[in-house]
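Structure for the following, please:
(2 chains)
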Amino acid sequence: MMQQVGLLAVILLLSLVLVRFSGTHVDRETGQTVSNFFNPGSLVQILTETSFFAIMAVGMTLVIVSGGIDLSIGSVYALAGVGMALTMRAAGWDSPWAALALCIGFGLLAGVLNGTMVATLGVHPFIVTLGTMWVFRGVAFVVSKAESVLVPGPVTDFAKNPLFLGKGLTPVPAIVMGLFILGGALYLNRTTMGRRVLAVGGNADAARYAGLPIPYILAGVYVIAGLGAGIAAFLGAAYFGSASSADANGYELYVIASAVVGGVSLNGGRGTVTGAFLGALLIVLIRTGIRLLRLDQNYEWIIIGAAIIIAVVLDRLGARLLEKRMVNG
Amino acid sequence: MKVSVVGLSKRFPGVQALSDISVDFLPGEIHAICGENGAGKSTLGKVLAGLYSPEQGHVALDDKPVRFSSPREAQAAGISIVHQELLFAENLTVADNLLLGEIPNQFGWVSDRQMHETALRWLQKVGSDIDPSMEVSKLSVSKQQLVQIAGGIGRGAKVLIFDEPTSSLTATEATALLGLIRELAARGTTCLYVSHRLDEIFAIADRVTVLRDGAWVGTKPIAEVTPSSLVQMMVGRELLASSEGGGAFGAPVLEVRGLSSVGRFGDISLTVRAGEIVGLAGLVGAGRTEVCEAIFGVDRLATGSVSVAGKSLALGSPQRSIAAGVALVPEDRKRHGLVLGMTIRHNGSMAVLPRLSTLGWLNRTAESRTVREFTDRLRVKAPSIESVVGGLSGGNQQKVVLAKWLATDAAVLLIDEPTRGVDVGAKVEIHGLIREAAASGKAVLLVSSDMPELRALCDRVIVLREGVQVAELGRAASETEILSAMAGV
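A predicted model of the protein is given here:
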């Protein structure tokens, strides 16, 4: 909880800096001068970018809370996107709902594979998902013949539907993200399965002695991670209009970083879904900030890497200060 | 060296762990520090060893005030602690661990020979023949403890603090340790012995200091106190006397026939009736815990037949055993009984989640109500059920484990060492709870290494020796009879 207050403060601070220093431009339609950062278009854009990470970060948080890790999440994204686009083309479908179902299906399939192997093989999830990271992307590469596959127009229209907002604004990915985060948070905090995930991550032995079905609990979190990657892949492929085996390359690290910045413990047993969302938002804000403040783009990785370490160190410091205050106060 | 604490106070969140404690510890004396769990005795030891720094007051060596900001400084001043929980880099050798702080080296190259020799010399000082090149994880707990003591003595410690040193030792090992402490004291070492085991305190201590709720109650020569006056000082209230059980039991609830597990135990047959408490006695390694784990389904290789309330139970799955009405309060509560980072509420409901939920949706009101019902009944001492169990005292942690399993309303309770590392007051309460559970018609199988506990609680005692059932003794059996059956003499 306290972590999220700190993270929120950092996000607000960064936003203020962006409001102040990102400069302005003249809106072509209204003729008014608007901030480069604080305008509906940019804000929705930031949320859209965040949504692809944050949805996957929900699943990743559950996986890490259970004491595991899923390195294959970016590859599942690529596989689900490519699989969906190819199937739609082969079958001649153009319904967004079919596309969504296909992405979710491929994501779940990959998740079940990961989960089954983690739960039954007794091999560390790092190794299992390191392997499937290459296998899944490799499959996407082979079936797509390394080509980008176009997604039917109606699917893109669905993802870019302005709904109740003005023209050019695309709130659908952000709304899906909101629902998925809500669902994930409720799952972790309010359902028996969520409680079991926390228990297994906190002390797997004690969970076994309490009669919890460990293999199902472990498999479950990878299935949810796969589900998240599938949904993110649907939004991404639909939004950008195509899918390719090179999509989401390296996203697993952004997603893990989001979860960690959001306060999940790599030892398992501790973490929140909303924290992971804030972590993802911070990373996207930093990326956006680099662009808006006209910093050299080549420094992006260095800045993000440093920011991750600083965020986690600040968090530990804050926790220690809080502890001290409780002792003395 | 004379060590004193003067007006020492230490606070933790929500607890005044020590308040205004002043005691002198004299050279060459064995000074027992006792009190219930949470009385502050371990905290006192840790302040002396430099692990905690006090808010008020100070430590003095030969009347000179000192201030330690780390265990290293305390060690340099001659104070070493032998921890309750042993802290080792278990993957390294004995020598590595002993000399971890000051590895003998030449320009950064580790001098293995010198390290081996130093370690050997230190170990010999405590009369041990442990090979310094052994990996620590391969040593028994008692040997690991010796290594810790050797480390302290080797570094020239003049004051040794023993924090519940015998809590995980067998009787023979404990006796040997007490002998060593006596010898060290005779050589002039000041020994602080933190414990709540009265028999040990009376066997070893010259003087005893009693703490209660962080405050000093008294310091007396051991000749001036009796076990009951000491308990009185520790608890500050009258304890319920142990009562004799009745003898009217119901139908057989737990029936075990020909239970075996290769390499652990063989051909165990026993019956526990409703309302009955049956003890499982034996030396460490006799297979008592293993029998309980087999009945509970943790041991996948166990064979034989187990039935609960007349219904046969397929072994090998804790979930099936729980569903059949079996509960296991495990021996190692920190490893198997609790998720230490979770709250009392989370731990207490862990075994009954399905009952507290609809379609997987957790009913938090029902959860809180259930957990509170059992923690109240068990008198768990904690600010609220939202407290993290890792911060509770041993006795309260044990009560949370009991609460978790009583909440399942299991017909069969397998209880493994319920009062290990638990203070006198909590022990009496836990005994009361076990009796109460039996009186309400549950069948209890109780594993314990504590003879008085077995005698006080059990209607019958089954004795195991090296995995074989060797005797069954009635309530009238004496401690000597049980012990000789355990040892096979």
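
going forward, measure contacts and count neighbours with C-alpha atoms only.
OK.

how many neighbours does the residue of chain A found nearest chain B have?
Residue of chain A nearest chain B, by C-alpha to the nearest C-alpha: A:Ala206 (3.9 Å). Neighbour count for A:Ala206, taken as other C-alpha atoms under 10 Å in any protein chain shown: 24.

pLDDT-wise, which helix or strand of chain A ranks last?
Scoring the helices and strands of chain A by mean pLDDT, DSSP states H and E places helix A:300-328 at the bottom, with a mean of 74.

Check the secondary structure at the residue of chain A closest to chain B for me.
Judged by DSSP: H, G, I helix; E, B strand; the rest coil, the three-state class of A:Ala206 is helix.

pLDDT at it, what is it?
The model reports A:Ala206 with a pLDDT of 89.

Now it. Nearest residue, chain neighbours left out?
Distances taken as C-alpha to C-alpha, 6 or more residues apart in numbering or on different chains put B:His336 closest to A:Ala206, at 3.9 Å, once the chain neighbours are dropped.

Equivalent analysis for A:Phe52, please.
Ranked by C-alpha to C-alpha, 6+ apart and with sequence neighbours excluded, the top spatial neighbour of A:Phe52 is A:Ala232, at 5.1 Å.

Identify the residues contacting that neighbour.
A:Ser51, A:Phe52, A:Phe53, A:Ile55, A:Met56, A:Tyr77 (C-alpha atoms under 8 Å, 6 or more residues apart in numbering or on different chains).

is it fair to say B:Gln397 lies in a helix?
Yes. Under the criterion used here (three-state DSSP), B:Gln397 sits inside a helix.

so what's it closest to, chain neighbours aside?
Nearest non-adjacent residue to B:Gln397, counting by C-alpha to C-alpha, 6+ apart: B:Val389, 6.4 Å away.

what's the neighbour count on the one you found?
Residues near B:Val389, counting by other C-alpha under 10 Å, number 26.

how about it, what does it touch?
B:Leu338, B:Val339, B:Leu340, B:Gly341, B:Met342, B:Thr343, B:Ile344, B:Gln397.

rerun at 6 Å
Contact partners of B:Val389, counting by C-alpha atoms under 6 Å, 6 or more residues apart in numbering or on different chains, are B:Leu340, B:Thr343, B:Ile344.

Also B:Thr93?
B:Ser133, B:Met134, B:Glu135, B:Val136.

who's it bridged to?
With DSSP bridges as the criterion, B:Thr93 is bridged to B:Glu135.

Now do it against A:Asp157, distance only.
Distance of B:Thr93 to A:Asp157, given as C-alpha to C-alpha, to the nearest Å: 66 Å.

and if you look at B:Val147?
Distance from B:Val147 to A:Asp157, by C-alpha to C-alpha: 71 Å.

if you count what's nearby, which of these two comes out ahead?
B:Val147 (28 against 15).

Doesn't that one belong to a strand?
No. Looking at B:Val147 with three-state DSSP, it is helix, so not inside a strand.

Run a quick neighbour tally on the closest residue to B:Pro452 other than its chain neighbours.
Counting by C-alpha to C-alpha, 6+ apart, B:Pro452 lies nearest to B:Glu479, which is 7.7 Å off, once chain neighbours are set aside. Using other C-alpha under 10 Å, B:Glu479 has 13 other residues around it.

same thing with the one 4 residues further on?
Other residues within reach of B:Leu483, judged by other C-alpha under 10 Å, total 16.

name the element it belongs to?
Assigned by DSSP states H and E, B:Leu483 belongs to helix B:479-487.

Pull out the buried positions in that helix.
Using 16 or more other C-alpha atoms under 10 Å in any protein chain shown as the burial criterion, the residues of helix B:479-487 that qualify are B:Ile482, B:Leu483, B:Ala485, B:Met486.

how close does the third one get to chain A?
Using C-alpha to the nearest C-alpha, to the nearest Å, one gets 31 Å for the distance from B:Ala485 to chain A.

Per-residue pLDDT of that residue, please?
B:Ala485 carries a pLDDT value of 84.

That one: what's it in contact with?
Counted by C-alpha under 6 Å, 6+ apart, B:Ala485 has zero contacts.

rerun at 8 Å
Counted by C-alpha under 8 Å, 6+ apart, B:Ala485 has contacts B:Val463, B:Arg465, B:Val470, B:Ala471.

and if you look at the first one?
Contact analysis of B:Ile482 by C-alpha under 8 Å, 6+ apart lists B:Ala281, B:Val463, B:Leu473.

and stretch A:57-75, what's its mean pLDDT?
On average, the pLDDT along stretch A:57-75 is 96.

One more: stretch A:254-268?
Here the average pLDDT along stretch A:254-268 is 90.

Which secondary structure element is home to B:Ala18?
Check again: residue B:18 is Leu, not Ala. Assigned by DSSP H and E, B:Leu18 falls in strand B:15-25.

Report the buried residues of that strand.
B:Gln16, B:Ala17, B:Leu18, B:Ser19, B:Ile21, B:Ser22, B:Val23, B:Asp24, B:Phe25.

who does the helix or strand encompassing B:Ala471 pair up with?
In this assignment (DSSP H and E), B:Ala471 forms part of strand B:468-474. Strand B:468-474 has the following sheet partners, assigned by DSSP bridges: strand B:460-465 (antiparallel).

Residues touching the strand it pairs with, excluding its own?
By C-alpha under 8 Å, 6+ apart, the surrounding residues in contact with strand B:460-465 are B:277-283, B:286-288, B:454, B:469-475, B:482, B:485-488.

hmm, back to that, roughly how far apart are the residue nearest to B:Pro452 and chain A?
32 Å.

can you check B:Asn97 too?
Separation of B:Asn97 from chain A (C-alpha to the nearest C-alpha) stands at 25 Å.

Next, that residue: secondary structure please.
Using three-state DSSP, the structure places B:Asn97 in helix.

picking that back up, quick one: the strand holding B:Leu18 to chain centroid distance?
How far strand B:15-25 lies from its chain's middle: 24 Å, per C-alpha atoms, centre = their mean, to the nearest Å.

Tell me if that strand is near chain A.
No. For strand B:15-25, no contact with chain A is found by C-alpha under 8 Å from any C-alpha of the partner chain; the gap never falls below 8.8 Å.

what packs against that strand?
The helices and strands touching strand B:15-25, judged by 3 or more C-alpha pairs under 8 Å, 6 or more residues apart in numbering or on different chains; DSSP states H and E, are strand B:3-12, helix B:41-48, strand B:215-221.

Need the three-state assignment for the residue positioned nearest the centre of chain B.
When C-alpha atoms, centre = their mean is applied to chain B, the residue found nearest the centroid is B:Gly421 (2.7 Å). Classification of B:Gly421 using three-state DSSP returns coil.

Equivalent analysis for B:Ser168, please.
B:Ser168 - assigned by three-state DSSP - is coil.
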